[in-house]
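Student: Compute the structure for the input listed below.
(one chain, ligands or ions: 1)
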Amino acid sequence: MEHHDMPVRTAPGKLIDGRAFAAGICTEIAREVSDLHARHDRVPGLAVILVGDDPASDIYVRSKVRRTMAVGMRSFAHRLPAATSQVALLDLVATLNADGDVHGILLQLPLPGHIDVKAVLDAIDPAKDVDGFHIVNVGKLGVGRDDGFIPCTPLGCLMLLRAELGDLSGLHAVVIGCSNIVGRPMAQLLLRENCTVVVTHINTRDVAAETRRADIVIVAAGHPGLVRGSWIRPGATVIDVGINRIHDDAGSHVVGDVAFSEVRAVAGAVTPVPGGVGPMTIACLLHNTLRAARAVIENAKT
Ligand SMILES: Nc1nc2c(c(=O)[nH]1)N[C@@H](CN(C=O)c1ccc(C(=O)N[C@@H](CCC(=O)O)C(=O)O)cc1)CN2
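Tutor: Have a look, this model is predicted:
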């Protein structure tokens, strides 16, 4: 009998099309925005703050502004120089907190080094914190409450997982990376779904061995090609959150954190990069903004 390190598959794993899924969410959001406008003569507004001139952040902010307007919401973009002081930034946040036309506030990360990120994030009104980074919203997720805002990338991953797998209860999930933007909130969300959750990080002794046990693998390590096919349990669902810009002979392109063709050969389903989790991040931002706006507009006494 022939022996293989891995079971031989006849077909590669399914590609999870995050771009198409995100487009569907945005179509539904646009319908709900139009309905809100028809019933209350108000539209949701999202303020985006960009400090400095990081080229990737600039692209993400442009995309957020474009998509906000495409679903019929109002967009308020605040582009500030890299030398902006903490006091000036806090002043802007206070102004936006008090502005009735602004239902969501997003501070694009990363910020220049002289800014105390925690202090600025915690100055945002938690009811307008559509990124879910305010300590109140972090705490709500931490204790399994569902009345806070969930960070957009993990929320997008969860939506894709639910669509793919249905009930996640009892599944073994491994989250690779423990950032505040992705890994930690992702782990909390999966716990809330009754998964058994392992979070690996830089000091984990054998990440590959942990990953081989997983029904669900979420990779947010910022390390191109980190996860190999041999790490994946056959049939597992793999969500690749990595966005790494590579410059090679073929030019400049974006790759994720998994060795894609190897992993796809073993996995049951995998998200591509680009076109997987990335587009879900912005769709979930608009989802959170609609929720924030509804809470205000539908409860307003006229
Ligand atoms: N305040 C925040 N800052 C940052 C967040 C966040 O959720 N809130 N996440 C990332 C960047 N990000 C949104 O801000 C983001 C990243 C990637 C994409 C995306 O659609 N990616 C495409 C590929 C894009 C490319 O070619 O470069 C894809 O994966 O298909 C959207 C949003 C850090 N900062």
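
Student: Please count neighbours and contacts with C-alpha atoms only from this point.
Tutor: Will do.

Student: Quick check, pLDDT for V296.
Tutor: Confidence per residue is given as pLDDT, and for V296 that number is 98.

Student: actually H3, not the one I typed
Tutor: 42.

Student: just the one 3 residues further on next, same as before
Tutor: Among the per-residue scores, M6 shows a pLDDT of 52.

Student: show me where the stretch 101-250 of the chain has strands.
Tutor: Here the stretch 101-250 of the chain has its strands, by DSSP state E, counting those that start in this stretch, at 104-107, 172-176, 196-200, 216-219, 237-240, 244-248.

Student: Might you report the residue contacts of H201?
Tutor: I176, G177, C178 (C-alpha atoms under 8 Å, 6 or more residues apart in numbering).

Student: Contacts only, for the second one.
Tutor: Contacts for G177 (C-alpha under 8 Å, 6+ apart) come out as G183, V199, T200, H201, I202, V219, A220, A221.

Student: which one among those residues gets closest to the ligand?
Tutor: For the ligand, the nearest member of the contacts of G177 is A220. The distance, counting by C-alpha to the nearest ligand atom, is 11.1 Å.

Student: longest helix anywhere in this structure?
Tutor: The helix of greatest length in the chain, counted in residues with DSSP state H as the criterion, is given as helix 18-40.

Student: Could you list every helix and strand in contact with that helix?
Tutor: Here helix 18-40 is seen to pack against helix 277-297 when contacts are counted using 3 or more C-alpha pairs under 8 Å, 6 or more residues apart in numbering; DSSP states H and E.

Student: Enumerate the residues of this structure near the ligand.
Tutor: Of all the residues in the chain, those in contact range of the ligand (C-alpha under 6 Å from any ligand atom) are 60, 106-109, 131, 152-153, 254, 273-279, 281-282.

Student: so L36 touches R42, yeah?
Tutor: Yes: in this structure L36 lies within contact range of R42 using C-alpha atoms under 8 Å: 6.8 Å.

Student: where does the stretch 201-302 of the chain dip in pLDDT?
Tutor: Where the stretch 201-302 of the chain drops to pLDDT under 70, the residues are 301-302.

Student: Tell me which other helices or strands whatever helix or strand comes next after the longest helix of the chain touches.
Tutor: Of the helices and strands lying after helix 18-40 in sequence (DSSP states H and E), the nearest is strand 45-51. Using 3+ C-alpha pairs under 8 Å, 6+ apart as the contact test, the elements touching strand 45-51 are helix 55-70, strand 74-80, strand 104-107, helix 277-297.

Student: one step back: right, and the strands of the stretch 101-250 of the chain - which one's nearest R31?
Tutor: Across the strands of the stretch 101-250 of the chain, the minimum distance to R31, taken as C-alpha to C-alpha, is reached by strand 104-107, at 18.7 Å.

Student: what does the closest one contact?
Tutor: 45-50, 96, 121, 124, 127-131, 289, 292-293.

Student: now stretch 208-226
Tutor: Stretch 208-226 has contacts (C-alpha under 8 Å, 6+ apart) with 171-178, 182-183, 198, 227, 231-233, 235-244, 255-260.

Student: Would you mind checking those for buried ones?
Tutor: The neighbour-count criterion (16 or more other C-alpha atoms under 10 Å) marks 171-178, 182-183, 198, 227, 231-233, 235-244, 255-258, 260 among the contacts of stretch 208-226 as buried.

Student: isn't P279 right up against G18?
Tutor: Yes: counting by C-alpha under 8 Å, P279 does reach G18; the two are 6.3 Å apart.

Student: More neighbours: which of these two?
Tutor: Of the pair P279 and G18, G18 is the one with more neighbours under other C-alpha atoms under 10 Å, namely 25 against 20.

Student: mind listing what that one touches?
Tutor: Going by C-alpha under 8 Å, 6+ apart, G18 touches L160, T271, G275, G276, V277, G278, P279, M280.

Student: out of these, who's nearest K14?
Tutor: Distances from K14 to the contacts of G18, taken as C-alpha to C-alpha, are shortest for T271 (8.5 Å).

Student: ok, and the closest non-adjacent residue to that closest one?
Tutor: I16 (4.8 Å; C-alpha to C-alpha, 6 or more residues apart in numbering).
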